[in-house]
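> show me the folded form of this:
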Amino acid sequence: MPVGRQLILWMSIILVLSFILFSKLRDVSAIAEELLPDETPLSFREILAEPIDSDINEFTSTQNLIEDSIQKKRGERFTEVNSAKFNVPIKKPTLSIETYLVKKDENLWKIAQDSGLDAFTLLSVNKLRNGNLIRPGQSIKVPNQRGILHKVVKDESLEEIAIRYQVSLEKIIESNGMLDPDTIYTGTELFIPDAKLNESFRKKLIPPPYKPKFVKPTPGRVTSGFGYRIHPILKKRRMHKGIDIVSGYGSNVKAATGGVVTYSGQMGSYGNLVVIDHQNGFETRYAHNSRLKVKKGEKVRQGQTIALVGNTGRSNGTHLHFEIWKNGEAIDPAHYLK
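Here you go, the predicted structure:
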């Protein structure tokens, strides 16, 4: 068969098949429109052309509504169960905690008293081991009720905690706003309102007062003790805030205990002065030295040579003037020296 006739034949077949396919599609569209509900007036062709984003958004919105409903029902169920078991409604925690800035000359006991609390509450909530160490400008937490923080240990139940501190279950649940008291996790911190503390627990919370051991900074005899006296140079009654130790010129002056040098230099009537911070509120001062052996910021150990005895500043003879300060007040060194 000639090539021209073959081409005409194939074109005719393609046209016939195209017509048949188009007819079938029209029939499918008509059937689909008949099957669609009356309240959906879109044609099959319009449905196919509709963007799918709106459907996804509608699905997501519906899913969120369902999840919210489930959560609401679940919360209502927990409330009913817990209220029935513990005879207390589940609501917002009664405990609230505010931040307080420590003012000048305030201590933990004064803040507790002014807040209607006790020192144990503030020590526990702020995880402090010594209430004397707070300083002006420091932020501390002040709750609206007395109590302590308790960290749940492994396999511990709420009932056991209540018995230990002699507090009702209802108080613990209300204070912490607990949703499921039967489920508490290891490491969780619970506030125990009005907790009763035994003596051993009190000692753990507030350790005995810190009293460092000081060594005599230089050998020699104490010629003037702590307290009021007639000043040897001014000839007036003055408070002597340390002790005077007579020792040979150039003798070693040693750190009474370990710490960090906060001052090393000339200071008025003190002459050549070294000041050491020992933390925990304690500070020592060494005055009238002939030579200084340490610098500011240097860490020193107990017994380390920090200066040499001299006669600088307002002094009437070779000696070391030694002071001990605690929480900003001079105290008698005789009570602390070995």
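> check contacts around the residue nearest to Gln138 when sequence neighbours are not counted.
Leaving out its chain neighbours, the residue that sits closest to Gln138 by C-beta to C-beta, 6 or more residues apart in numbering is Val102, at 4.6 Å. Using the backbone N, CA and C atoms, a C-beta is placed for each residue, glycine as well. By C-beta atoms under 8 Å, 6 or more residues apart in numbering, Val102 lies in contact with 111, 134-140.
> so Lys171 sits in a strand?
No - counting by DSSP: H, G, I helix; E, B strand; the rest coil, one finds Lys171 to be helix, located in no strand.
> measure how buried it is and give me the count.
Residues near Lys171, counting by other C-beta atoms under 10 Å, number 20.
> excluding its backbone neighbours, what's nearest it?
In space, Lys171 is closest to Pro193, 5.1 Å off (C-beta to C-beta, 6+ apart).
> for stretch 294-308, measure first residue to last.
One end of stretch 294-308 sits 11 Å from the other (C-alpha to C-alpha, to the nearest Å).
> report the buried residues of it.
294, 298, 300, 306-308 (16 or more other C-beta atoms under 10 Å).
> quick check: the farthest pair among those?
Farthest-apart pair in the buried residues of stretch 294-308 is Glu298 and Leu308; separation 16.3 Å (C-beta to C-beta).
> doesn't Ile161 make contact with Ser168?
No - applying C-beta atoms under 8 Å, one finds Ser168 not in contact with Ile161, separated by 11.3 Å.
> which of the two has more neighbours?
When neighbours are counted by other C-beta under 10 Å, Ser168 and Ile161 differ, and Ile161 comes out ahead with 19 against 13.
> quick one: contacts for that one?
Ile161 touches 150, 152, 172, 190, 192, counting by C-beta under 8 Å, 6+ apart.
> any idea which of those residues has the most stuff around it?
Ile172 leads those on contacts (other C-beta under 10 Å) with 26 neighbours.
> okay, it: pLDDT?
Confidence at Ile172, expressed as pLDDT, is 93.
> that one contacts Asp194, doesn't it?
No - Ile172 lies out of contact with Asp194 (C-beta under 8 Å); the separation is 10.0 Å.
> what number of residues lie near Thr94?
So Thr94, with other C-beta under 10 Å, has 15 neighbours.
> that one belongs to a strand?
No - Thr94 is assigned coil when assessed by three-state DSSP, not a strand.
> check the gap between it and Pro143 for me.
Here the criterion is C-beta to C-beta, to the nearest Å. By it, Thr94 lies 10 Å from Pro143.
> quick one on the thing from earlier: and the contacts of Val102 as a markdown table, adding neighbour count?
Converted to a markdown table, the contacts of Val102 look like this (neighbours: other C-beta atoms under 10 Å):
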| residue | neighbour count |
| --- | --- |
| Ile111 | 19 |
| Ile134 | 18 |
| Arg135 | 11 |
| Pro136 | 10 |
| Gly137 | 9 |
| Gln138 | 12 |
| Ser139 | 10 |
| Ile140 | 17 |
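> ok, Met239 touching Tyr228?
Yes - at 5.5 Å, Met239 counts as touching Tyr228 under the criterion of C-beta under 8 Å.
> any idea how far the residue positioned nearest the centre of the chain is from Leu337?
Centroid-nearest residue in the chain, with C-alpha atoms, centre = their mean: Asn126, separated by 7.5 Å. Asn126 sits 34 Å away from Leu337, going by C-beta to C-beta.
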